[in-house]
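Peer 1: I would like to see how this sequence folds:
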Amino acid sequence: MMGVSNGTQSGAVTKTASARPFVSRNKTRNGGAIKSRNDLSGMTLEQLEARLAALDRALAGNVSPKLREARRRATEAARHGRECGRCGERFDDGAVVYLAGLGLGSKGQRWQAPVCEGCAPGYMKRPGRVASGSCETCARPLVWGFTAVDLYRIRRFCSARCEWTHHNSVRNARAALERVKACEGCGETFTASRRDAKTCSPACKQKASRRRMRRQA
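Peer 2: The predicted structure is shown next:
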């Protein structure tokens, strides 16, 4: 950009701004010419189809149908534990289940799912790097990668269903112990149907109520 400087006595033409052209961030230099990255004029048909396919994947969450099906299979296996999370084959009775991390995440995240021996990673079949045990609920034999968490973890489960079943049984057993009480009417021990129950029968409830009324009087 050229201009006339203000306040010059000679009236000479001077440069008042840089003549360097402005290049935006979405443009690149290709052979000395400035070309936009969104320019589709120089693309072949294969490149255009690849660009459209990438755009469809981005609009669909950047997940291909194959990866979406693999994630669904791994999720179902981790939830129920009936089939392999990689190949989809059902587990045989008494078969060893490997709790492996499957690289199905968009940024390298690993999804843990039960897999069969044929689909298990190679490191899980070498001694020294794995730990073995059985499921706390169904007693199915398990093999998993040994980590520092195993130093204090005392329970392992083959699926989320077995974990839910175990925690529900522990909670129900604890609640049943809390319902074992001594009747305020007769003094006998009974198992209450409700947590706030204090008597074992309607007769004892009436007897305890009359006793409280005499104390208040």
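
Peer 1: run a quick neighbour tally on residue 171.
Peer 2: Neighbour count of residue 171, defined by other Cβ atoms under 10 Å: 10. Any C-beta I mention is one placed from the backbone N, CA and C, and that applies to glycine too.

Peer 1: can you check residue 54 too?
Peer 2: Residue 54 has 11 neighbours, counted by other Cβ under 10 Å.

Peer 1: ok, now residue 201?
Peer 2: For residue 201, using other Cβ under 10 Å, the count is 13.

Peer 1: just to check, it is in contact with residue 188?
Peer 2: No: between residue 201 and residue 188 there is no contact under Cβ atoms under 8 Å: 9.8 Å.

Peer 1: which elements pack onto the longest helix along the chain?
Peer 2: If you go by DSSP state H, the chain has its longest helix at helix 160-178. When contacts are defined as 3 or more Cβ pairs under 8 Å, 6 or more residues apart in numbering; DSSP states H and E, helix 160-178 sits against helix 65-80.

Peer 1: can I get the CA coordinates of the helix it packs on in PDB?
Peer 2: Taking Å, rounded to 0.1, in the frame of the first residue of the first chain, the C-alpha atoms of helix 65-80 are listed here in PDB:
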ATOM      1  CA  PRO A  65     -20.000 -48.900  11.300                       C
ATOM      2  CA  LYS A  66     -17.400 -51.600  12.000                       C
ATOM      3  CA  LEU A  67     -16.100 -49.800  15.100                       C
ATOM      4  CA  ARG A  68     -19.600 -49.100  16.300                       C
ATOM      5  CA  GLU A  69     -20.500 -52.800  16.000                       C
ATOM      6  CA  ALA A  70     -17.300 -53.700  17.900                       C
ATOM      7  CA  ARG A  71     -18.100 -51.300  20.700                       C
ATOM      8  CA  ARG A  72     -21.700 -52.700  20.900                       C
ATOM      9  CA  ARG A  73     -20.300 -56.300  21.200                       C
ATOM     10  CA  ALA A  74     -17.800 -55.400  23.800                       C
ATOM     11  CA  THR A  75     -20.400 -53.500  25.800                       C
ATOM     12  CA  GLU A  76     -22.800 -56.400  25.800                       C
ATOM     13  CA  ALA A  77     -20.100 -58.800  26.800                       C
ATOM     14  CA  ALA A  78     -19.000 -56.600  29.700                       C
ATOM     15  CA  ARG A  79     -22.600 -56.300  30.800                       C
ATOM     16  CA  HIS A  80     -23.800 -59.900  30.700                       C
END
